[in-house]
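> the amino acid sequence is not available; the structure is as follows:
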């Protein structure tokens, strides 16, 4: 379905009802750009009849059997057509960049000015849209709260080697993500390296054993233009089940209605896990600006999936994430930074930016931004 949406083949799509996925998932962000249609997640799809008429209320999140007629606007005398046009223009202004309605306009203006300059610079420096976007993320998200990614030209092998060894010497692990021109949607080659011997093997051994091969198998592709070098916390991508269960992945979304939603999936650092997550595997926080302090954020509702109700570690991961983001909100001007990104990457060409990150509890706790989900729609 997302492929059809990407190519504009959605004129016959009037609603989306899904059993899996979260509000920060790819299909959710793509779906919001289709138009004024209801999009529901976490539905009990097994009880929805196939090839039968249903009615979907996106406002309350309900699915009804059969057809419920709606009244054409203007004829119900709630709003005249002229009033409706005015209200819709207000709504579209808000939905284009809902992050903006959480911001201080003076602070936001300075971020927008800096992103305009950054956009021009990133296009001069890098070829791929992925590397250009990473340059923007590096500038918009403070280094104190994000995983550090350095952009290296793909053919600069020795510079790449130097970065990799320096990161490992600091006690962190390394991940490499590939950037192509033109951009390639979906999965692209990547690798995680944990020792200097692995670095040497990856760069110099043509038979490097990894599902995507080594550097020698990557570099012949002329469309590979940059590589993102990530200095990730030690063991973030460990395959040890106990270590992985200490981690969680999260997304922070501002909906078109202006609601802030934090969704946490405990026990995995993989953000792709949000794409197929069941509602029972997620902890969802609904957040709002604090009425007593408009510069602060507060939790108004917290809901744990049934699979996590008695899971103390899952609750600890979710709570640590929520508390960290609440502390970041004004300390680091989170809404202004996200609003500036939304002004730079505007609909309908792009979906509204989502902040995404990872958390770990236990002896070495941390919570960091991984990046921004900025889906290109055209």
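Great, that's in hand. These numbers come from a predicted model, not from an experiment.

> now do the strands in the protein.
Secondary structure of the chain (DSSP state E): strands located at 16-17, 39-40, 54-57, 62-65, 148-153, 173-180, 190-193, 224-232, 247-254, 260-266, 283-290, 293-304, 354-360, 366-373.

> want to throw those strands into JSON lines with mean pLDDT and distance to residue 212?
To be clear about C-beta, it is placed using only N, CA and C from the backbone, and glycine gets the same treatment. As requested, these are exported to JSON lines (pLDDT from 0 to 100; distance: least, Cβ to Cβ, whole Å):
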{"stretch": "strand 16-17", "mean pLDDT": "83", "distance to residue 212": "32"}
{"stretch": "strand 39-40", "mean pLDDT": "78", "distance to residue 212": "33"}
{"stretch": "strand 54-57", "mean pLDDT": "82", "distance to residue 212": "40"}
{"stretch": "strand 62-65", "mean pLDDT": "82", "distance to residue 212": "41"}
{"stretch": "strand 148-153", "mean pLDDT": "97", "distance to residue 212": "17"}
{"stretch": "strand 173-180", "mean pLDDT": "97", "distance to residue 212": "8"}
{"stretch": "strand 190-193", "mean pLDDT": "96", "distance to residue 212": "6"}
{"stretch": "strand 224-232", "mean pLDDT": "97", "distance to residue 212": "12"}
{"stretch": "strand 247-254", "mean pLDDT": "96", "distance to residue 212": "21"}
{"stretch": "strand 260-266", "mean pLDDT": "96", "distance to residue 212": "24"}
{"stretch": "strand 283-290", "mean pLDDT": "91", "distance to residue 212": "32"}
{"stretch": "strand 293-304", "mean pLDDT": "87", "distance to residue 212": "36"}
{"stretch": "strand 354-360", "mean pLDDT": "97", "distance to residue 212": "21"}
{"stretch": "strand 366-373", "mean pLDDT": "95", "distance to residue 212": "20"}
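
> export the ones you listed as CSV, with columns for distance to residue 346 and mean neighbour count.
As requested, these are arranged in CSV below (distance: least, Cβ to Cβ, whole Å; neighbours: other Cβ atoms under 10 Å):
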stretch, distance to residue 346, mean neighbour count
strand 16-17, 23, 20
strand 39-40, 20, 18
strand 54-57, 28, 16
strand 62-65, 32, 13
strand 148-153, 23, 17
strand 173-180, 22, 21
strand 190-193, 29, 18
strand 224-232, 24, 21
strand 247-254, 15, 26
strand 260-266, 20, 25
strand 283-290, 24, 18
strand 293-304, 25, 14
strand 354-360, 15, 24
strand 366-373, 14, 21
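
> so which of these comes closest to residue 163?
Across the strands of the chain, the minimum distance to residue 163, taken as Cβ to Cβ, is reached by strand 224-232, at 4.8 Å.

> below-threshold pLDDT in this structure: ranges please.
1-12, 22-36, 59-60, 70-78, 294, 377-378 (pLDDT under 70).

> could you list the domains of it?
According to the domain assignment given by automatic domain parsing, the chain is divided into the following structural domains: 1-109+242-378, 110-232.

> could I get the full set of helices for the stretch 101-250 of the chain?
105-125, 129-140, 157-169, 196-204, 215-218, 241-244 (DSSP state H, counting those that start in this stretch).

> what's the closest of the strands of the chain to residue 314?
Distance to residue 314, taken as Cβ to Cβ, is lowest for strand 260-266 among the strands of the chain, at 3.7 Å.

> in its sheet, which strands sit next to that closest one, and in what direction?
strand 247-254 (antiparallel), strand 283-290 (antiparallel) (DSSP bridges).
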